[in-house]
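K.L.:
kindly generate the corresponding structure for this input.
(2 chains)
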Amino acid sequence: MSANAIEIRDLVVDYGSRRILTNISFDIRQGEIMVIMGGSGAGKSTLLRCLLGLKKPTSGHIHMLGTDICHASQAELYKLREKMGVAFQRGALFTSMSVAENIQLPLREHTDLDESTIQIMTRIKLDMVNMLPYEHLMPSELSGGMAKRAALARAIIMDPKLLFFDEPSAGLDPITSAELDELILLLKKSMRMTIVVVTHELESVFAIADRIAILGEGKLIQVGTPEEIRNSSNETIINLLNRTPRENNVDRDTHLERLTKDTQ
Amino acid sequence: MIKTISNLGSYVLDGIEQIGRTFNLLLIILWKILQPPYQIFPIIKQVYFIGARSMTVIIISGVTIGMVLGLQFYNTLERFGSVGVLGSAVALSIIRELGPVMTALMVVGRAGSAICAELGIMRITEQVDALECMAISPDKYLVAPKLVGGVISVPLLNFVFNVVAIGGGYFVGVVLFGVSEGSYVNGMIDSVLWSDVRLGLVKSIIFGLLITLICCAKGFYLHLSKYGSQGAEGVSRATTDAVVISSVSVLFCDFIIGALMS
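P.N.:
Residues are numbered from 1 along each chain as shown, chains lettered A, B, ... in the order given. Modelled structure (predicted):
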């Protein structure tokens, strides 16, 4: 088997007439934590949706664990997704189910395990994310950090080979954010997963990443280790790391035209 | 002028797209409900939600409409000296027309709007995407039980509506105005044919399918509609659309089925 868990080749994504991603090509190796990083509107979320098979690209290929997900049938895609776990930015927990029921759902749908095994597996995963005392709570009763941890427990309940994590630190306080980073590192170590994290939180990025892919305005700027990214001479990356505000490179006349457009 | 024509064209195209999407969803569901694992428990849950929990509103509206019909028919028939056919008039109006239509409209208002809002919120909060990513087909897991639940519940509610509405007509005609009990009941038994009951049953099954399909499609495909990016307001507008389109479709189909089966 290839050493790469995911291979992305010449990926182009359009929304209507707007090009979101242009010729993205890079690999994600088995067992590594790859962080996809970039400013707002850089195309991170679109790239993640393509990787999850939720958005069909305009052209290009994504090979995931040997399957070309851009041309796979729904049955092939579902088979592949049984080996994937996804923790969404806001958790995406089912609001009509308790935390435990949310986590058990993939097991109940895809396995014939008996009730006691399902209960034990649920508690093991809840314990891993420090959520064991809260298994009976409903999602509306959870804080932001708790919802993310519960979503992570659901994502890893089937022991996936690939774990995707969308904005793990967004909206969390620094301590909860650091706890989640530790949890991601623990998962990599204990379960040997390939983990893809989409984020723009710099502290998190350098705490967890084995390699970093940086996107800017829909293009891949650089892929490298945290050290290589830190030492990059690329202006966009330097600005991103130094939190330099973007310059407004619009000339005066164009700016004035934008402000007065469609007005009498 | 060109902008008006362009907007009109855009509305027509949007409408055609939505109709196509809705029928495509129906075909997908029909295909998927035949494949195991069968969603028995979720279907029972939906029959409880759409059917059992609509009982109060169906009983209240049924009794009221039966009483109003009894009152109006009594006043009209009395002028012609034909109050003896009150039972037939009330029963036939309810079994053939008012029962299926009013039941469907009540279910749209109570359960259809809730179904659309639930699916719409699940869509905008990424719960539908989460199901996809767990390799659980959201159309089979979320939509199919609601559709089957609607097809089972609406005819059952229609029977309840018919019974209580005929009872309401009986109360006004026999108890309040003193029409003979025998002429009310026997007139009804003599005039209502199996073909009338069959017409009402066919209508209620079709209405059950139609309203749950439209409400499910409006919520489930919220992200593809023009309200898709409007968050809570988008859900609210999709729900309003679902109720309006379902209600109008019920009335339109009522005429078509009536014309074809009469």
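K.L.:
rest of the way, CA atoms for contacts and neighbours
P.N.:
Fine.
K.L.:
in the stretch 101-250 of chain A, what residue comes closest to chain B?
P.N.:
residue A:106 (6.3 Å; Cα to the nearest Cα).
K.L.:
please name the nearest non-neighbouring residue to that residue.
P.N.:
The shortest distance from residue A:106 to any non-neighbouring residue, by Cα to Cα, 6 or more residues apart in numbering or on different chains, is to residue B:134 (6.3 Å).
K.L.:
just give the number of residues close to the one you found.
P.N.:
27 (other Cα atoms under 10 Å in any protein chain shown).
K.L.:
for residue B:66, see how far away residue B:73 is.
P.N.:
10 Å (Cα to Cα, to the nearest Å).
K.L.:
identify the contacts common to those two.
P.N.:
Common neighbours of residue B:73 and residue B:66, using Cα atoms under 8 Å, 6 or more residues apart in numbering or on different chains, are residue B:90.
K.L.:
neighbour count winner among these two?
P.N.:
More crowded of residue B:73 and residue B:66, by other Cα under 10 Å: residue B:66, with 29 against 20.
K.L.:
quick one: that one and residue B:166 touch, right?
P.N.:
Yes: here residue B:66 reaches residue B:166: they are 5.7 Å apart, a contact under Cα atoms under 8 Å.
K.L.:
need the overlap of contacts for the two.
P.N.:
With Cα under 8 Å, 6+ apart as the test, residue B:66 and residue B:166 both reach B:90, B:94.
K.L.:
so for stretch A:43-63, what gets flagged as buried?
P.N.:
Neighbour-count burial for stretch A:43-63, counted by 16 or more other Cα atoms under 10 Å in any protein chain shown, picks out A:43-48, A:50-53, A:56-57, A:60-63.
K.L.:
who are the contact partners of the residue nearest to residue B:110 when sequence neighbours are not counted?
P.N.:
Nearest non-adjacent residue to residue B:110, counting by Cα to Cα, 6+ apart: residue B:54, 7.0 Å away. Going by Cα under 8 Å, 6+ apart, residue B:54 touches B:107, B:110-111, B:157.
K.L.:
then residue B:63?
P.N.:
So residue B:63 contacts B:161, B:164-169 (Cα under 8 Å, 6+ apart).
K.L.:
apply 6 Å and report the result again.
P.N.:
B:164-165, B:168 (Cα atoms under 6 Å, 6 or more residues apart in numbering or on different chains).
K.L.:
ok, and of these, which contact chain A?
P.N.:
When contact is defined as Cα under 6 Å from any Cα of the partner chain, the contacts of residue B:63 do not meet chain A at all.
K.L.:
most neighbours among these, which one is it?
P.N.:
residue B:165 (31 neighbours).
K.L.:
which parts of stretch A:211-227 are buried?
P.N.:
A:211-220, A:222-226.
K.L.:
what about the residues you listed, which are in strands?
P.N.:
When DSSP state E is applied, the buried residues of stretch A:211-227 are split such that A:211-216, A:219-220, A:222-224 fall in strands.
K.L.:
for these, point out the one with the lowest pLDDT.
P.N.:
The lowest pLDDT within these belongs to residue A:216, with 88.
K.L.:
that one against residue A:42, yeah?
P.N.:
Yes: between residue A:216 and residue A:42 there is a contact at 4.8 Å, judged by Cα atoms under 6 Å.
K.L.:
the stretch 101-250 of chain B against chain A: which residues are in contact?
P.N.:
Residues of the stretch 101-250 of chain B lying near chain A (Cα under 6 Å from any Cα): B:126-127, B:133, B:135.
K.L.:
out of the contacts of residue B:63, who's nearest residue A:80?
P.N.:
The shortest approach to residue A:80 among these belongs to residue B:164, at 53.6 Å (Cα to Cα).
K.L.:
and that closest one, what does it touch?
P.N.:
Contacts of residue B:164 by Cα under 6 Å, 6+ apart are B:62-63.
K.L.:
is the closest residue to residue A:49 other than its chain neighbours in a helix, a strand, or coil?
P.N.:
Nearest residue to residue A:49 in three dimensions, chain neighbours excluded: residue A:55, at 5.5 Å (Cα to Cα, 6+ apart). Classification of residue A:55 using DSSP: H, G, I helix; E, B strand; the rest coil returns coil.
K.L.:
can you pull out the strands in chain A?
P.N.:
Applying DSSP E to chain A gives strands spanning A:4-15, A:18-29, A:33-38, A:59-64, A:67-68, A:84-87, A:162-166, A:194-199, A:211-216, A:219-224.
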